[in-house]
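A.B. asks: below are the sequence and a predicted model for it; my questions follow.
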Amino acid sequence: MTQYHNLINGQWTPGASCAPNTNPSDLSDVIGEYAQGDAADVQAAVAAATAAFPVWSTSGIQARHDALDRIGNEILARKEELGDLLAREEGKTRPEAIGEVARAGQIFKFFAGECLRLGGEALPSVRPGIGVEITREPIGVVGLITPWNFPIAIPAWKIAPALAFGNCVVLKPADLVPASAWALAEIIHKSGIPAGVFNLVMGPGRVIGEALVNHPGVAAISFTGSVGVGRGIAEACVKSGKKVQLEMGGKNPQVVLDDADLPQAVELSAQSGFYSTGQRCTASSRLIVTDRIYPAFIAALQERMARIKVGDARTAGTDMGPVVSQAQLEQDLCYVEIAKAEGAQLAAGGSRVACHTGSGKAGFFMAPTLFVDSTPAMRINREEVFGPVASVIRVKDYEEALHVANDTPFGLSAGIATTSLKLATHFKRHSQAGMVMVNLPTAGVDYHVPFGGRKGSSYGPREQGRYAQEFYTTVKTAYTLA
Ligand code: NDP
C-alpha cells in the first residue's frame with residue numbers, strides 16, 4: 001500500500017503514524033495510507049513557513065503570479081484524473097468531482113491575476129504638505145483548516161489568496177479526505193515555490209488543528225467546517241489575538257411560490273437538495289412551498305426523486321454517490337427517526353439502500369429522503385443534517401414564506417422560485433442570507449465573487465473573489481512630509 005507523507009519545508013516527511021483512506025462507494029477499496037502527523041509536525045511546519053515568509057512576502061508580484069498560474073494550469077490539465085481520485089475518496093459523482101477540480105484550477109488562475117491587481121490608495125492629508133498612502137501587506141503564516149465535502153476546492157480557495165498576497169501556509173485537510181489535498185500539495189510543491197512557503201500536515205483535527213490554532217507563530221486561521229468546532233476555534237483565536245475567518249453550516253431555504261415555473265422549481269429543488277448527496281453547506285434542506293402549488297410540487301418532486309440513481313460515484317449514470325462515512329450515514333438516519341418522532345411525514349426514501357449502479361458494491365448508500373407536513377420548530381428544520389434529506393414546510397403566502405425562510409440560526413444561502421419580479425426583488429433585499437438565488441439552486445456559486453453567510457453560518461471577512469484580500473492582507477497607512 002502506497003504511503004503518502006506530509007510536506008514540511010519542501011520535504012516529504014513521514015508522520016508519527018499512517019491511516020487508510022477508504023472509498024465510501026466500495027469499502028474494500030483502500031486508496032492509500034496517509035500520514036497522521038502530531039504537534040511536532042505542526043511546530044516544524046510553522047517554523048518552515050515563518051522562515052520562508054521574508055522571502056515570499058517580498059518575492060514580487062510577477063513571481064507569485066507565475067507560480068499560481070502554473071499551479072492552476074496543472075490542475076486544469078489533470079482535472080479528469082484528479083476528479084476520479086476525488087470521487088473515489090469523497091463519493092460525489094465523477095462529473096461533480098471533475099467540476100470541483102476545474103473550479104480549483106480556475107481559482108488559482110483568478111488569484112494569479114489578483115497578485116497583479118492588489119491596489120492601494122493615495123489621499124491628501126488634512127494637514128498641509130503631507131501625503132497619505134494606504135497599502136495592503138501580507139499577514140504572515142496562516143493556518144488553513146478544511147472540511148471533507150469539497151476536498152480540493154475549499155483548500156484551493158484558501159491557499160490561492162493566501163499565497164497570492166504574500167503569506168505562507170500550513171494546510172490541515174479533513175482527515176477523511178487527505179488524497180485530494182495531498183495531490184494538490186504535490187502540484188504546489190512542483191510549481192517551484194520556495195521550500196516552506198506551503199506546508200501540508202495531515203492528521204486528526206483535535207491534534208493538528210488544535211496545535212495550529214494554539215501556535216503563537218500563526219497569525220491567522222481560516223476554517224471551514226461545523227459550527228461547534230468553528231466556535232471553539234474563534235474563542236481560541238480571540239484569546240491569542242489571531243485573525244480568524246469561519247465558514248460553517250447552513251439550513252438553507254428554497255421558497256417555491258404559487259406563480260413558480262413548476263418543472264424549473266422541481267428541478268432546482270432536486271439538484272440542490274440531493275446532488276452531491278446533500279453534503280453541501282449550500283444545499284437546500286428546507287423547501288418552503290405556498291398552498292396552491294403545494295400538491296403539484298410534492299407529486300412532481302417525488303416523481304423526480306424516484307429517477308435519482310444512487311450508486312458508485314465513479315460509475316457512469318450515477319446521479320447521487322454514497323454518504324461520505326459510516327458516522328455521517330448514522331447521523332443522517334438518526335435525523336430521519338427524529339423527524340418521524342416529531343410528526344413529519346416521510347414522503348420518499350428514509351433508509352440505507354443497495355448500490356444501483358457499479359455492480360452492487362458495499363458502500364454508504366442512502367436514498368434521497370423527503371419529509372412533508374413539517375413545521376419550522378422541528379429539529380429537522382433547525383439543525384443541519386448534512387445528508388440527502390430535505391423537508392417541506394407548507395405556507396399560505398409569500399410573506400409567511402419569507403418569515404419562515406429567515407426563521408433559522410443560519411444564513412448562508414437562500415433561494416426563491418417565482419415569476420414575479422416584484423417578489424424576487426423583495427426576497428433579494430429581505431432574505432437574511434449571505435447569498436440569494438432567484439430561480440436557481442441554492443448550491444452552485446461562481447469563484448470570482450464573494451462566498452459566505454450571516455448569523456450562525458459565517459464569521460469574519462468573506463472568502464473568494466476580490467473580497468478575499470480583506471482576510472489575507474493587513475492595511476498600512478503611511479504619512480509623508482513632502
Ligand atoms: P468539522 O468541523 O468536523 O471539521 C472541519 C475541519 O476541522 C476538519 O479538518 C477537522 O479535522 C478539523 N477539526 C476538528 N476538530 C478540530 C479542533 N478541535 N480544532 C481544530 N480543528 C478541528 O466539519 P466536517 O469536516 O465534518 O465538515 C462538515 C461541516 O462543514 C458541515 O457542518 C458543513 O456545513 C460545514 N461546511 C461549511 C461550508 C461553508 O463554507 N459554510 C462548506 C463546507 C462544509 P478532522 O477531519 O480530522 O476531524
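C.D. replies: That came in fine, so what should we check first? Numbering: from 1, shown residues only.
A.B. asks: low-scoring pLDDT stretches of the protein, where are they?
C.D. replies: 357-360 (pLDDT under 70).
A.B. asks: endpoint to endpoint, stretch 132-150 covers what distance?
C.D. replies: One end of stretch 132-150 to the other measures 42 Å (CA to CA, to the nearest Å).
A.B. asks: wait, I meant stretch 239-255
C.D. replies: First-to-last residue span, stretch 239-255, CA to CA: 40 Å.
A.B. asks: and it, does that touch the ligand?
C.D. replies: Yes: using CB under 6 Å from any ligand atom, stretch 239-255 reaches the ligand at 247, 248, 249, 250. Glycine gets a C-beta too; all of them are placed from N, C-alpha and C.
A.B. asks: what ranges does the stretch 101-250 of the chain have for its helices?
C.D. replies: Ranges of helices within the stretch 101-250 of the chain are 153-164, 178-190, 210-213, 227-240, based on DSSP state H, counting those that start in this stretch.
A.B. asks: flag every residue of the stretch 151-300 of the chain that's near the ligand.
C.D. replies: So the stretch 151-300 of the chain meets the ligand at 172, 174-176, 204-206, 209-210, 213, 224-226, 229, 232-233, 247-250, 281 (CB under 6 Å from any ligand atom).
A.B. asks: buried members of those residues into ChimeraX, please.
C.D. replies: Typed into ChimeraX, the line below selects the buried ones among those, using 16 or more other CB atoms under 10 Å:
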select :172,174,175,176,205,209,210,213,224,225,229,233,247,248,249,250,281
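A.B. asks: give me every residue in the stretch 351-482 of the chain lying close to the ligand.
C.D. replies: Residues of the stretch 351-482 of the chain lying close to the ligand (CB under 6 Å from any ligand atom) are 384, 386, 412, 457.
A.B. asks: so how far is residue 40 from residue 46?
C.D. replies: According to CB to CB, to the nearest Å, residue 46 and residue 40 sit 11 Å apart.
A.B. asks: between the two, who's got more neighbours?
C.D. replies: Taking other CB atoms under 10 Å, residue 46 and residue 40 do not tie; residue 46 has more neighbours (24 against 11).
A.B. asks: ok so, going back, of the residues of the stretch 351-482 of the chain next to the ligand, which belong to strands?
C.D. replies: Using DSSP state E, no member of these sits in strands.
A.B. asks: if we can go back for a sec, just the helices of the stretch 101-250 of the chain: most buried one?
C.D. replies: Greatest average neighbour count among those goes to helix 153-164 (a mean of 28), per mean count of other CB atoms under 10 Å.
A.B. asks: with just CA atoms, put that one into PDB.
C.D. replies: Extracted in PDB, the C-alpha atoms of helix 153-164 (Å, rounded to 0.1, in the frame of the first residue of the first chain):
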ATOM      1  CA  ALA A 153     -11.900  23.400  -4.000                       C
ATOM      2  CA  ILE A 154     -12.000  24.600  -0.400                       C
ATOM      3  CA  PRO A 155      -8.200  24.100   0.200                       C
ATOM      4  CA  ALA A 156      -7.700  25.900  -3.200                       C
ATOM      5  CA  TRP A 157      -9.900  28.900  -2.300                       C
ATOM      6  CA  LYS A 158      -7.900  29.400   0.900                       C
ATOM      7  CA  ILE A 159      -4.400  28.600  -0.300                       C
ATOM      8  CA  ALA A 160      -4.600  30.600  -3.500                       C
ATOM      9  CA  PRO A 161      -5.400  34.000  -2.000                       C
ATOM     10  CA  ALA A 162      -3.000  33.400   1.000                       C
ATOM     11  CA  LEU A 163      -0.100  32.800  -1.400                       C
ATOM     12  CA  ALA A 164      -1.200  35.500  -3.900                       C
END
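A.B. asks: ok and that helix relative to helix 178-190, angle-wise?
C.D. replies: Here the directions of helix 153-164 and helix 178-190 differ by 20 degrees (axes from the mean of the first three to the mean of the last three CA atoms, to 10 degrees).
A.B. asks: which neighbouring elements make contact with helix 153-164?
C.D. replies: Judged by 3 or more CB pairs under 8 Å, 6 or more residues apart in numbering; DSSP states H and E, the packing partners of helix 153-164 are helix 61-77, helix 94-117, strand 141-145, strand 168-172, helix 178-190, strand 220-224, helix 469-472.
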